[in-house]
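[1] Any chance you could fold what I've pasted below:
(chains A and B)
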Amino acid sequence: MMKLLRPFRWLLLIILLLLSCLWCLNTGAVALDWQLLWPCLFDQCDASAQQQILLELRLPRLLLGLVAGAGLALSGALLQNLSRNMLADPYLFGIISGAGLGATLATLLLPQYAVALPLAAFFGALLAMVLVLGFAALGGWQRLDTVILAGVAVSFLLSAVTSLLLYQSEAFAANRVIFWLMGSLARADYQALAVITPCLLVCFALGCLYRRQLDALQWSDQTAQSLGVAVLPIRLLFLLLTAALTACIVAYCGGIGFVGLMIPHLVRLLFGGQTLVLLCGSMLCGSMFLIWVDAGARTLLPEQELPLGVITAGLGSLFFLLLLSRKGQRPL
Amino acid sequence: MKDTITANDARRSGKTITMAIAILLVAGLLTAEPLAAEPVTPAAAETAAPKRLVVLAPNLVELIFSLGGGAQIIATTDHADYPAAARSIPRVGNYAAIQLEKVVALQPDLVLVWDTGTPAADIKKMQQLGLKVLHFQTSKLEDIANQLQQLGDLVQQPAKAQQLSAAFLQQLNVLKSQYQTQAPVRVFYELWDNPLSTISRDAWPQQHLNVCGATNIFEKASAAYPQVGLEQVIAANPALIIQPISENEPRTLVSWQRWPELQATKYKQIIQPDSDLLHRATLRTLDGVATLCREIAKSRQFYAQVPAASGR
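    Numbers count the residues shown, from 1 in each chain, chains lettered A, B, ... in the order given. Presented below is the predicted three-dimensional model:
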């Protein structure tokens, strides 16, 4: 069966993604008619409230889910191949703690400016990344483990500062920041898309351009070097790119954990680990996963929304445990 | 690596969420904060005579019911549980997120939000979607009277609002004149037991203590709802310990009996007022405050009769 489907698997994946998009557009707290979907999306329809819900709430949310899911999975795939560490994740630079600190400062100091939050979260994420890469540079880039450990340390440091600020502040600020950190696509608008989409495309294009070098890096640094790959510049370039992409996504969507960790693993199982295949597959699967999760977040509880991070981290950790138990039986 | 971070983050946020929930019990809290975007003024809203209201704060729901306008509320948030009729109003979210789709589909004439309690991003989005949003902010007991009048205009009960708000202010003044200038009683306000948390000068219940003539031993703490150590409480040795409790949301309490040398324990000066009344900014608040003042006055009397005990 799998062999029969093999040539068509990309086609199947794309069709599945398109169907998922339609399904997600038609799913939500308010029930909409299937028949009205097309006219309301592309034309005038009589039900103006339905049209407003579709065009101003669901569509931007769907599109943001697509690019954010693709971006997180792409970053994860790139980082895992880059570091030959299957646990690498876009959040390893302490990005989420940095963004949390930025969001906290924006919530506390500039509550009246809506644009301050994503901007501050972005710069917070950037700060974390600069600190982590700075430490890695001090260590002479010898080991990627240093980057990961520095990420953990910076993450704790920035979290501590955030906790202190929240503790000293007005009580509801803590609420707002915590729920922001749990991740949500509810803040979706076209501005967010305009920021994230170019980052995503640049990352993807460069990933495709350097696919051979990235493939070579999967063996070892020495092998790659002997094949003529400039290991250090390539690694630095992609670290910066993925960090910037993740920072943009975190700035608008908050903390959505485990997508970058889980999706590339899944794609490796389904499609194999070659860079180009992995990148394309991760983007498609990441998009589809995140819009499903968001549809769940919007509808699982009858009277409220679930934070996205709750679902992604829940599913992600279960997936990982499953993977680990399978690994225990036969070495991968 | 990742596991360590996640576990720790979870622990941290778990702890902070517990705190946040404790603090949410103080549903009326509210330090002054600039209003987001351009608020619709009550005067402008009044001319439209709105009939269908989405009310995103439990205290506002209760005030509207007091005015007899409960039938105009077409949707609200979680925790809007008083009066009993409010429980059957459809819900459209909670303090963390509003289900915007449902709000849009209901096509309300006006959305009433509570600036610190309703998610700011959702308020902004509702304004972008063209919904009329009216902001409310409660930071002083007197604000309840003002809000009654605003809401009275909205639900077209201005006379009743006028009457209720005058009665409210009068009741407040009576309480103040009766208790505020009495000999101060040193109290510890046990907002939450684990982590042990209390209130300071910026917190909503501090006003109740001021009205009742009580001195909060942690009034000068920098956070509005600070966590404190048991040792600090023992060192300050309060004359009275206040443990607000709620019937709707049970909680565990510190067992002060373990510290018999504490003045409050020794003389059994521990009271448990109703936090639903004290922590929510509605007409019932003053009933809660009145009970609290009476209990504090009893304690004051007690210590007056035991001269040896009043000195530390």
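[2] and the stretch 201-312 of chain B, which of its residues are near chain A?
    By Cβ under 8 Å from any Cβ of the partner chain, the residues of the stretch 201-312 of chain B that approach chain A are B:202, B:222-225, B:227. All C-beta spots, glycine's among them, are computed from the backbone N, C-alpha and C.
[3] Buried subset of those, written for ChimeraX?
    Buried residues among these (16 or more other Cβ atoms under 10 Å in any protein chain shown), as a ChimeraX selection:
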select /B:202,223,224,225,227
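[4] Could you dump the residues of the stretch 201-312 of chain B next to chain A into a markdown table and include pLDDT, secondary structure and distance to A:Gln304?
    Converted to a markdown table, those look like this (pLDDT from 0 to 100; DSSP: H, G, I helix; E, B strand; the rest coil; distance: Cβ to Cβ, whole Å):
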| residue | pLDDT | secondary structure | distance to A:Gln304 |
| --- | --- | --- | --- |
| B:Asp202 | 86 | coil | 29 |
| B:Ser222 | 84 | coil | 33 |
| B:Ala223 | 82 | coil | 28 |
| B:Ala224 | 84 | coil | 26 |
| B:Tyr225 | 86 | coil | 24 |
| B:Gln227 | 86 | strand | 28 |
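[5] Let me know the closest of the residues of the stretch 201-312 of chain B next to chain A to A:Gly316.
    Nearest to A:Gly316, judged by Cβ to Cβ, of those is B:Gln227 at 32.0 Å.
[6] B:Ser200 is in contact with the closest one, correct?
    No - proximity of B:Gln227 to B:Ser200 does not meet the contact threshold set by Cβ atoms under 8 Å, at 11.1 Å.
[7] What are the phi and psi values at the closest residue to B:Leu209 other than its chain neighbours?
    Of all residues not flanking B:Leu209 in the chain, B:Asn216 sits nearest, at 5.3 Å (Cβ to Cβ, 6 or more residues apart in numbering or on different chains). Torsion angles at B:Asn216 (phi, psi; degrees, to the nearest 10) stand at phi -80, psi 120.
[8] pLDDT at B:Asn216, what is it?
    At B:Asn216, the pLDDT value in this model is 96.
[9] Any idea what it is bridged to?
    Beta-bridge pairing for B:Asn216 (DSSP bridges): B:Val187.
[10] Would you mind measuring from it to A:Arg9?
    67 Å (Cβ to Cβ, to the nearest Å).
[11] What count of nearby residues applies to A:His220?
    Quick fix: residue A:220 is Ser, not His. Neighbour count for A:Ser220, taken as other Cβ atoms under 10 Å in any protein chain shown: 12.
[12] residues touching it, list them.
    The neighbours of A:Ser220, taking Cβ atoms under 8 Å, 6 or more residues apart in numbering or on different chains as the test, are A:Arg84.
[13] Against chain B, how distant is it?
    21 Å (Cβ to the nearest Cβ, to the nearest Å).
[14] residue ranges with poor pLDDT in the stretch 51-200 of chain A?
    A:112, A:114, A:140-144, A:170-171 (pLDDT under 70).
[15] Next to chain B, which bits of it? Give me the list.
    A:52-53, A:56-58, A:87, A:89, A:91-92, A:96, A:111-112, A:114, A:117, A:148-149, A:151-152, A:155-156, A:159, A:163, A:166-172, A:174-176, A:178-179, A:181-182, A:184, A:186-187, A:189.
[16] With adjacent residues omitted, what lies nearest to A:Leu92?
    A:Gly151 (4.4 Å).
[17] That neighbour is in what secondary structure piece?
    Using DSSP states H and E, A:Gly151 sits within helix A:144-167.
[18] ok, and what's touching that helix?
    A:82-85, A:88, A:92-94, A:96-98, A:100-101, A:104-105, A:108, A:124, A:127-128, A:131-133, A:135-136, A:139, A:173-174, A:177, A:235, A:239, B:1, B:4-5, B:8-9, B:12, B:16, B:223, B:227.
[19] Please apply the same query to stretch B:68-86.
    Contacts to stretch B:68-86, defined as Cβ under 8 Å, 6+ apart, come from residues A:303-304, B:27, B:50-58, B:61-62, B:64-65, B:87, B:89-95, B:98, B:102-103, B:106, B:108, B:118, B:151, B:154-157, B:160, B:248, B:276, B:282, B:284.
[20] follow-up on the earlier one: pretty sure the residue nearest to B:Leu209 is touching B:Ile199, no?
    Yes - here B:Asn216 reaches B:Ile199: they are 6.7 Å apart, a contact under Cβ under 8 Å.
[21] Which residue of those two possesses the greater neighbour count?
    A side-by-side neighbour count of B:Asn216 and B:Ile199, using other Cβ under 10 Å, places B:Ile199 first with 29 against 23.
[22] which SS class is the closest residue to chain B within the stretch 201-332 of chain A?
    Nearest residue of the stretch 201-332 of chain A to chain B, counting by Cβ to the nearest Cβ: A:Glu303, 3.8 Å away. Using DSSP: H, G, I helix; E, B strand; the rest coil, the structure places A:Glu303 in coil.
[23] Leaving out chain neighbours, which residue sits closest to it?
    Spatial nearest neighbour of A:Glu303, excluding adjacent residues (Cβ to Cβ, 6+ apart): B:Arg91 at 3.8 Å.
[24] Bridge partners for that neighbour, pull those for me.
    As for beta bridges, B:Arg91 partners with B:Thr76 under DSSP bridges.
[25] near chain A at all, stretch B:51-62?
    No - Stretch B:51-62 does not reach chain A (Cβ under 8 Å from any Cβ); its nearest approach is 12.1 Å.
[26] List the buried residues of stretch B:233-252.
    B:233, B:237-244, B:251.
[27] Test my guess that B:Ala105 contacts A:Ala49.
    Yes - under the criterion of Cβ under 8 Å, B:Ala105 makes contact with A:Ala49 at 5.5 Å.
[28] Between the two, which has more neighbouring residues?
    B:Ala105 (21 against 14).
[29] what separates that one from B:Glu295, distance-wise?
    Here B:Ala105 is placed at a distance of 47 Å from B:Glu295 (Cβ to Cβ).
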